[in-house]
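Visitor: based on what follows, work out the 3D shape:
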Amino acid sequence: MINEYYDAVVSVIEGCDVDFGHPNHIVERMGDYGKSYITWASHDLEGVPKKEQFERILKFVNTLPENAKILVHCAAGISRSTATGLGILASEGWSDTQAVQHLLNKHPQDRAFWPNDIILGHFDEILGTNLEVAVRGKAHVGDLTTV
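Guide: Numbering: from 1, shown residues only. Take a look at the predicted model:
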């Protein structure tokens with residue numbers, strides 16, 4: 001069924017196997033670590049999102065037809081997938097503010113919207129964008145009354 005709705009799938013996940021059976025599927029494994037974690041962490045930082053992972057994602061996206069429908073997911077749809085989605089939109093020519101506003105409009109309002117700052121930083125470095133700045137003041141924790 002996912003093949004009917006999406007031209008490609010981008011999975012940014014940690015530790016679990018995922019197979020949608022989609023012919024255009026890239027999986028990049030990473031934890032959901034932000035800059036604040038990196039600042040205080042004193043142990044092994046394996047699983048921290050790496051710039052090379054997002055270079056691979058952008059290379060993959062560039063092989064798709066123009067206006068392809070891409071499902072980007074992580075475990076909760078809050079941090080890794082939102083940041084990755086923003087980077088993909090920016091790579092397609094969207095301005096930073098257009099990309100952020102578009103995702104905010106499409107994102108469920110009762111779910112937190114907290115794009116991963118490490119991932120945004122990688123896209124900013126790769127694409128020359130300012131996504132990390134554009135997100136400031138837009139992140140929210142969702143409707144905590146539904147928790």
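
Visitor: mind listing what the most centrally placed residue in the chain touches?
Guide: Centroid check for the chain by CA atoms, centre = their mean gives Thr84 as the closest residue, at 2.1 Å. Residues near Thr84 by CB atoms under 8 Å, 6 or more residues apart in numbering: 10, 12, 54, 57, 72, 74, 119. C-beta here means a position set from N, CA and C on the backbone, and glycine is covered the same way.

Visitor: where does the fourth one fall, secondary structure wise?
Guide: Assigned by DSSP states H and E, Ile57 belongs to helix 51-62.

Visitor: give the buried residues for that helix.
Guide: Within helix 51-62, the residues scored as buried using 16 or more other CB atoms under 10 Å are 53-54, 57-58, 60-61.

Visitor: pipe these into JSON lines and attach distance to Ala90 and pLDDT per row.
Guide: Shown next, in JSON lines, are the buried residues of helix 51-62 (distance: CB to CB, whole Å; pLDDT from 0 to 100):
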{"residue": "Gln53", "distance to Ala90": "16", "pLDDT": "96"}
{"residue": "Phe54", "distance to Ala90": "11", "pLDDT": "97"}
{"residue": "Ile57", "distance to Ala90": "12", "pLDDT": "98"}
{"residue": "Leu58", "distance to Ala90": "10", "pLDDT": "98"}
{"residue": "Phe60", "distance to Ala90": "15", "pLDDT": "98"}
{"residue": "Val61", "distance to Ala90": "11", "pLDDT": "97"}
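
Visitor: so how far is His102 from Lys69?
Guide: As for Lys69, its distance to His102 is 14 Å (criterion: CB to CB, to the nearest Å).

Visitor: of those two, who's got more company?
Guide: A direct count of neighbours by other CB atoms under 10 Å for Lys69 and His102 places His102 higher, at 14 against 10.

Visitor: host element of the more buried one?
Guide: With DSSP H and E as the test, His102 turns up in helix 96-106.

Visitor: output the lowest mean pLDDT helix or strand found in the protein.
Guide: Of all helical and strand segments in the chain, the minimum by mean pLDDT, DSSP states H and E falls on helix 35-40, at a mean of 61.
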